[in-house]
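Q: Below are the sequence and a predicted model; questions follow.
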Amino acid sequence: MEKKIADTRLRWYFLIGAAVGVVLFVVIYGFRVLNVTYDEWLLTGKDLQQHYLGWKFFRRSPWSFPVGMHDSFTSPDSISVLYTDSIPLFALFFKLISPILPETFQYFGLFGLMCYILNGGFASMLVARFNKSKLICGMSSVFFIISTPVLQRLFGVLSENSRHTSLAAHFLILGALGIWMYRDHFKSYKKDALAWAILAALCVLIQMYIIFMVGGIMCGYLLQHVLEKRDWKRVIVDFASFVGSFGFFFLTVGGVTSILSSGGSGFGFFSANVNTFINPWRYSTFFGKMKTQELQYEGFAYLGLGMLVMCAIALTCIIVKMVRLKKQKHLWLAIRNKVMAKRPIVISLGIVVYVFTILAWSNLIYINENIFIEVHWPEFLEDLLAIIRSSGRFIWCVMYMIMLGAIFIVTKSFKRRWQFIIIGLCMCLQLADFHVPINRLQALYKKQPAVKEEALVESDFWTTKLGDFDKIVYYPSDSYDATQMLQIGAKVAEFDHIKMSNFYLSRYMTKEAKKERDKKTKELFETGNLDENTLYLLDYAKAHVYKDKCHMYFVDNKIIAVKNPIKGLDPYVDFMVGSENQVVEIGLAYKDLGKSFLHTGWHNQQYKDIGAWTTSKSQLRIYSEDAKRAKITIEYDARKNKKGLTVVKMNNIEIGRIQNDTSGTVTFESDMRICEDIKKARYINWLSFECNAVKEPKKAGESAGKGLRIKKVTVTYMPDDKEEQ
């Protein structure tokens, strides 16, 4: 009877937190994203677009086994919907009932609502473990529901590279912490094993990365059992159920693949900064972003002003108590007794926090923009850790433990009335601190109309001609970046019959798979046996080699090759300057093909850029077919009041100078190297822009200053004296 009463109370705590989650979701995102037939907001670029397109292509493909497989993205091979982070749990369910769904259907708004509900419900239950006030549990759940990583990840904002929806499923982390905190409810081996098996299955079917966090928490939970009771049977049973459940669902959904790599480069850079708990990035009303290494958005875990105040209060309580014990000369005895009495939980929790923190910081530990500690690990360890390259995410678990710890100390240090005041005040401070970022999200998802990101696919070709083809082949396989693939994929999604040879996935295609595909495509070009129903997307190097083997055209900033001619398209113009191709224009706007020729020393380009900004030394590749001399015309913009001048060099020989404070067009003459092999650097002509007045980065993570914005470079063939005669 007592157990039933306790379970009923827990349900009430869960419902309170869930209700708070519903309210906050609607306040932040509104009802528009819950409209299953409204999908424009999912086509605004970056990861959200990947997730939605993954669902669209999976939905239209026939069923197969494993059940998550389809060949729309990596034809002729198949990959799982798992690798587009399209939330396989939802994708499988809604594909099953697809015949009764409307033609346009998205479930990502529903998933977001579910995250808020479950994050709130589990958070309320966790706090209820040590504070039975329903009001306090409800208020405390706010900190977890709108934790900054959830705000960042769920739908995010367009200006940030962090819209990774399934990573907002933090109820999986909170659920694992819940099993640990309520371990007296899981005395039965069967119940215990079932709980961990369910969490493992949900991790596979929602977000695979979180399984490492849940598994780490499970290890701490089991270590406590071993230290307390030498319960090795529980370790074996739980591990077997966890790994068995993971393996079963991973295989069933199609996680095993031979064409995608298991990891990727970047471990040590996608980390958490030491300042992560106090660094708001753009998620604070009152504070500005602190300095970090550029890619450390993965380890974003700002606690928020309200939670920071609560942590300060909790820390003050601890210090006051320690001072009191010190005066009584009982401090070390009290600490020793406390640690010995709680030895199993202190050791197990301490190890989990330590391991998660070290993984999050990685082998390159940054304080602000400076490397504080750098550890050189063996190569085999680097390869192993490549699986969890975005290791900064592990700091989320530590963040939630800190939040729970602060609320626990306030609960134990103050009477109920003061608990209400402190937690309520901190909740208000938290909401006030998040007012500006929440307002940004409200504007994006509730107030402003969604605008599809189609900057790189504006030609009528994608609506009038694309449907004539059955397949798109990238040659080479990695010739186009993620943004290009996403926007092309959005156009392909309008036609049910078209497949692609590559796409932006959560794992890169292996070198072996790309090499084998490119080998087969090369044979088709060399033998002239191109498929008339296939559209080939080439880079400039392949286009130069095969320009006489097929019909080639420019479409937006892409080079397409087809077997049969297409009317109304701009013909391909080779990038090699020479007697036959006497003028080569290299536009450097983001939408221009010329950005492919950018080498080192340029600032990252954005969609609206009309040129590329130089730094202290920037290089551009120029190729000559038979031109020994050429005119180099540079169209550029300067920054106002910019001092100094930029020295223009060709192959390290100065050919002219540009004042940094004036905009305009200049022309210089230069000797050229004949390009005998476009793959070898010694045959390339290196056009350099060098300026000592441009600020160079002196610290890790610091950005270089901007010099000139180069809009276009035109290379004009100049016949030598013998040719003129």
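A: Ah, there it is.

Q: okay, CA-based contacts and neighbour counts for the rest of this
A: Noted.

Q: burial of the nearest residue to residue 89 once chain neighbours are set aside, as a residue count?
A: Using C-alpha to C-alpha, 6 or more residues apart in numbering and skipping residues adjacent in sequence, the residue nearest residue 89 is residue 205, 4.8 Å away. Applying other C-alpha atoms under 10 Å, we find 24 residues neighbouring residue 205.

Q: Give the other helices and strands that the helix or strand encompassing residue 205 contacts.
A: Using DSSP states H and E, residue 205 maps to helix 189-206. Applying 3 or more C-alpha pairs under 8 Å, 6 or more residues apart in numbering; DSSP states H and E, one finds that helix 189-206 contacts helix 88-96, helix 171-181, helix 210-229, helix 232-253.

Q: could those helices go into JSON lines alongside mean neighbour count and distance to residue 316?
A: Shown next, in JSON lines, are those (neighbours: other C-alpha atoms under 10 Å; distance: least, C-alpha to C-alpha, whole Å):
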{"stretch": "helix 88-96", "mean neighbour count": "18", "distance to residue 316": "45"}
{"stretch": "helix 171-181", "mean neighbour count": "21", "distance to residue 316": "25"}
{"stretch": "helix 210-229", "mean neighbour count": "20", "distance to residue 316": "28"}
{"stretch": "helix 232-253", "mean neighbour count": "18", "distance to residue 316": "38"}
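
Q: Out of those helices, the one nearest residue 375 is which?
A: For the helices and strands packed on helix 189-206, proximity to residue 375 was assessed by C-alpha to C-alpha; helix 210-229 is nearest, at 22.3 Å.

Q: ok so, going back, can you name the residues in contact with the helix holding residue 205?
A: 82, 85, 87-89, 166, 169, 172, 175-176, 179, 186, 209-211, 214, 218, 234, 237-238, 241-246, 249-250, 253 (C-alpha atoms under 8 Å, 6 or more residues apart in numbering).

Q: one more time with 6 Å, if that's ok
A: 87-89, 186, 211, 238, 241-242, 245-246 (C-alpha atoms under 6 Å, 6 or more residues apart in numbering).

Q: Which one of the residues you listed is nearest to residue 609?
A: The nearest member of the contacts of helix 189-206 to residue 609, counting by C-alpha to C-alpha, is residue 87 at 33.8 Å.

Q: how about that closest one, what does it touch?
A: By C-alpha under 6 Å, 6+ apart, the contact list for residue 87 reads residue 206.

Q: Pop out the phi and psi values for residue 656.
A: phi 170, psi 180 (degrees, to the nearest 10).

Q: Correction: the previous question concerned residue 585.
A: phi -100, psi 130.

Q: With residue 577 instead?
A: phi -80, psi 140.

Q: Leaving out the residues flanking it, which one is nearest to residue 676?
A: According to C-alpha to C-alpha, 6+ apart, the nearest residue to residue 676 is residue 683 (6.3 Å).

Q: So what's the residue count around the one you found?
A: So residue 683, with other C-alpha under 10 Å, has 17 neighbours.

Q: Would you mind measuring from it to residue 594?
A: Here residue 683 is placed at a distance of 19 Å from residue 594 (C-alpha to C-alpha, to the nearest Å).

Q: for residue 312, same thing?
A: Counting by C-alpha to C-alpha, the gap from residue 312 to residue 594 is 54 Å.

Q: ok, those two, which is more surrounded?
A: Ranked by neighbour count (other C-alpha under 10 Å), residue 312 and residue 594 place residue 594 first, with 22 against 13.

Q: Show the pLDDT at residue 390.
A: The pLDDT attached to residue 390 in the predicted structure is 89.

Q: shouldn't it be in contact with residue 270?
A: Yes: assessed by C-alpha atoms under 6 Å, residue 390 is found in contact with residue 270 at 4.8 Å.

Q: any chance you could map the helices in the stretch 401-550 of the chain?
A: 416-433, 435-442, 461-464, 482-492, 511-527, 540-545 (DSSP state H, counting those that start in this stretch).

Q: Single out the most deeply packed of those.
A: helix 482-492 (a mean of 20; mean count of other C-alpha atoms under 10 Å).

Q: Surely the residue nearest to residue 676 is in contact with residue 675?
A: Yes: under the criterion of C-alpha under 6 Å, residue 683 makes contact with residue 675 at 4.7 Å.

Q: mind putting the helices and strands packed on helix 189-206 in a markdown table, mean pLDDT and distance to residue 153 included?
A: Formatted as a markdown table, these follow (pLDDT from 0 to 100; distance: least, C-alpha to C-alpha, whole Å):
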| stretch | mean pLDDT | distance to residue 153 |
| --- | --- | --- |
| helix 88-96 | 97 | 18 |
| helix 171-181 | 97 | 14 |
| helix 210-229 | 95 | 13 |
| helix 232-253 | 96 | 23 |
